[in-house]
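> Generate a structure from the sequence data that follows.
(one chain, ligands or ions: 3)
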Amino acid sequence: MSDPEIVVSAPGKVILFGEHAVVYGRKAIAASLDLRTQLKIHLIPDSTAVTLELPDISLSNTWQVADLAAAQPTGNVDVKNPSPPSDKYLAALHRLAGTDTDHTDTRTLALLAFLYMYTSIHHTTVRKCPAGRFHAASQLPPGAGLGSSAAYCTALAAGLLTMCNVISRPEGKTWSKEDLEVINAWAFQGEKLIHGNPSGIDNSVSTFGDAISFKSGKISPFESVAALKILLVNTKGPRSTKVLVQGVRDRYNRLPAIMEPILDSIEEISCTCERVLLELGGSPVDGQENTQGKNYQILEELVDICQCLLNALGVGHPSLDQVSSITAKHGLHSKLTGAGGGGCALVLLRPDTAPDVIDKVTAELRDCGYDVWETSIGATGVSQHSQPK
Ligand SMILES: Nc1ncnc2c1ncn2[C@@H]1O[C@H](COP(=O)(O)OP(=O)(O)OP(=O)(O)O)[C@@H](O)[C@H]1O
Ligand SMILES: C[C@@](O)(CCO)CC(=O)[O-]
Ligand SMILES: [Mg+2]
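Ligands and ions are numbered 1, 2, ... in the order given. Below is the predicted model of the structure:
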């Protein structure tokens, strides 16, 4: 096979504070992770088939371009400002995926996001479906809270929009701010198919990279997060963000007066974190160690309180409680990150946390069967890897 025409990658993310509350317009803080999903596109002009290969979920599907073209929407689609598929169009995408509209398993969701972006983006531009091979593989564990769905959707959006010349191929690694906004808008639509009702924080971090605070769709860069040291723990329990977000919605609908103050408290945690991190990132002053110690103490309290509030929202899991109790034994503080219900937790480290403490806690968590790794946060957003021809 010849070299791919287009290679792009998009990062995952870690949410420090504000998951779930962000769906209700509250502030959240997140940073990109240097674990990426890579999409390679090979165009095959003399073929009539489109193949999607997703080795992480053991999927390979092939369609005839004529069948894809037949499923394209009939009305106009605004390529710079996409909207969700109509029920009729969604039903056509399900037929192409070989499922009915009740299916929301891993493979169906991944297929729908691809089919929707592929058919819509081509419809609005070249009005035909080019044949080719699309291969997406990730360093991120799928469905574990590290934004694998957003990295997948962001890479698809960047690759397909570039392939159709909706956005121009960047000379360097990344696109103009305007083009990144178009990528983000399509990635958000893909996330809607996978999550149901996403806030947009995950695709925004994956597109723009680094660290952000996010409230009601407004993205503000937030550099001070990058100095934090954290351990990530993957408890490996299977879970779905869509189901968890719906579970919180059901509890909210049953008990709004109880849920509202919990969401407000989570937002206040994000705001306090912002203030503390700005102070921690400030220039050195006399007595700084003392201030630093107090600020870390506040961050640790925020982690503990947030974990309790997330349990109150109904997105905890015994494995995540186990992570909290093991880390607490070693004087460390942890909370779930992402949608919860299993998946990943983050453990906050101080700059002076002793290496042997980290080693002991890591060993104990690994004995439970969990994956544990120290990570740096604040990676580059969606990037192009192949050179323009
Ligand atoms: N490498 C991949 N290949 C194919 N599909 C993927 C891949 N990674 C993620 N997906 C799609 O994303 C879905 C997982 O998304 P989900 O939102 O439930 O978890 P997450 O994004 O990892 O966690 P969170 O949303 O909490 O950050 C999978 O069911 C699949 O449809
Ligand atoms: C649970 C949630 O808040 C974060 C998932 O990473 C959902 C969302 O914001 O779309
Ligand atoms: Mg997701």
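> contacts, neighbours, all on C-alpha from now
Fine.
> what about residue 347, which SS state?
Assigned with DSSP: H, G, I helix; E, B strand; the rest coil, residue 347 falls in the strand class.
> swap that for residue 33, sorry
Look at residue 33: counting by three-state DSSP, its state is strand.
> What's the per-residue pLDDT of it here?
Per-residue pLDDT puts residue 33 at 96.
> Which residues does it form beta bridges with?
Beta bridges link residue 33 to residue 12, residue 377 when assigned by DSSP bridges.
> Could you find the closest non-adjacent residue to the residue most central in space within the chain?
By Cα atoms, centre = their mean, the mean C-alpha position of the chain lies nearest to residue 147, the distance being 2.3 Å. Nearest residue to residue 147, sequence neighbours excluded (Cα to Cα, 6 or more residues apart in numbering): residue 12, at 4.9 Å.
> ok, how many other residues are close to residue 159?
28 (other Cα atoms under 10 Å).
> How about the strand or helix carrying residue 161 and ligand 2, any contact?
Here residue 161 sits within helix 148-163, counting by DSSP states H and E. No: contact between helix 148-163 and ligand 2 is absent, the nearest approach being 8.5 Å (criterion: Cα under 6 Å from any ligand atom).
> quick one: contacts of that helix?
Outside helix 148-163, the residues that touch it by Cα atoms under 8 Å, 6 or more residues apart in numbering are 6-12, 36-41, 113-114, 117-118, 121, 136, 138, 140-143, 167-169, 183-184, 186-188, 190-191, 194, 202-203, 206-207, 382.
> Tell me the buried residues in the helix or strand just after that helix?
Note on helix 148-163: by DSSP H and E, the next helix or strand toward the C-terminus is helix 177-195. By neighbour count on 16 or more other Cα atoms under 10 Å, the buried set for helix 177-195 is 179-195.
> Do a quick rundown of the helices in the chain.
65-70, 87-97, 106-124, 148-163, 177-195, 201-208, 241-254, 256-280, 288-313, 318-329, 355-367 (DSSP state H).
> Mean pLDDT added to those, as a markdown table?
Listed next are the helices of the chain as a markdown table, based on pLDDT from 0 to 100:
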| stretch | mean pLDDT |
| --- | --- |
| helix 65-70 | 88 |
| helix 87-97 | 92 |
| helix 106-124 | 90 |
| helix 148-163 | 96 |
| helix 177-195 | 97 |
| helix 201-208 | 98 |
| helix 241-254 | 97 |
| helix 256-280 | 96 |
| helix 288-313 | 93 |
| helix 318-329 | 98 |
| helix 355-367 | 98 |
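> and the protein, which of its residues are near ligand 1?
Within the chain, the positions adjacent to ligand 1 are 54, 56-57, 106-107, 109-110, 137-138, 142-150, 152, 195, 240-241, 338-339 by Cα under 6 Å from any ligand atom.
> tell me, how many neighbours does residue 119 end up with?
By other Cα under 10 Å, 21 other residues sit near residue 119.
> Residue 231 now?
17.
> wait, what's in contact with it?
346-349, 372-375.
> Nearest to ligand 3 within this structure, name that residue for me.
Nearest to ligand 3, among the residues of the chain, is residue 149, at 4.2 Å (Cα to the ion).
> I figured residue 93 hits residue 71, correct?
Yes: contact criterion Cα atoms under 8 Å: residue 93 and residue 71 qualify, at 6.9 Å.
> returning to that earlier point: can you pick the most crowded of the contacts of residue 231?
Counting by other Cα under 10 Å, top hit in those: residue 346 with 28 neighbours.
> Could you check what's spatially nearest to that residue, not counting adjacent residues?
The nearest residue in space to residue 346 (Cα to Cα, 6+ apart) is residue 232, at 4.7 Å.
> contacting residues for residue 176?
Contacts of residue 176 by Cα under 8 Å, 6+ apart are residue 170.
> Distance check, it against ligand 1.
For residue 176, the distance to ligand 1 (Cα to the nearest ligand atom, to the nearest Å) stands at 25 Å.
> And the pLDDT for that residue?
The model's pLDDT for residue 176 equals 95.
> what's the answer for residue 166, then?
Reported pLDDT for residue 166: 88.
> Likewise for residue 129?
What the model reports for residue 129 is a pLDDT of 66.
> Tell me the spacing between the residue nearest to the centre of the chain and residue 26.
Applying Cα to Cα, to the nearest Å, the value for residue 147 to residue 26 is 19 Å.
> Please apply the same query to residue 382.
Residue 382 is 25 Å from residue 26, by Cα to Cα.
> which of these two has more neighbours?
More crowded of residue 382 and residue 26, by other Cα under 10 Å: residue 382, with 33 against 22.
> Near the closest residue to that one other than its chain neighbours, how many residues? Count them for me, please.
Using Cα to Cα, 6+ apart and skipping the chain neighbours, the partner closest in space to residue 382 is residue 10 (4.2 Å). Using other Cα under 10 Å, residue 10 is surrounded by 35 other residues.
> Is it correct that residue 10 is in contact with residue 383?
Yes: with contact defined as Cα under 8 Å, residue 10 counts as touching residue 383 (6.4 Å).
> coming back round to it: how confident was the prediction at the residue nearest to the centre of the chain?
98.
> can you give me phi and psi for it?
phi 70, psi 30 (degrees, to the nearest 10).
> so how far is ligand 2 from it?
Counting by Cα to the nearest ligand atom - residue 147 and ligand 2 are separated by 6 Å.
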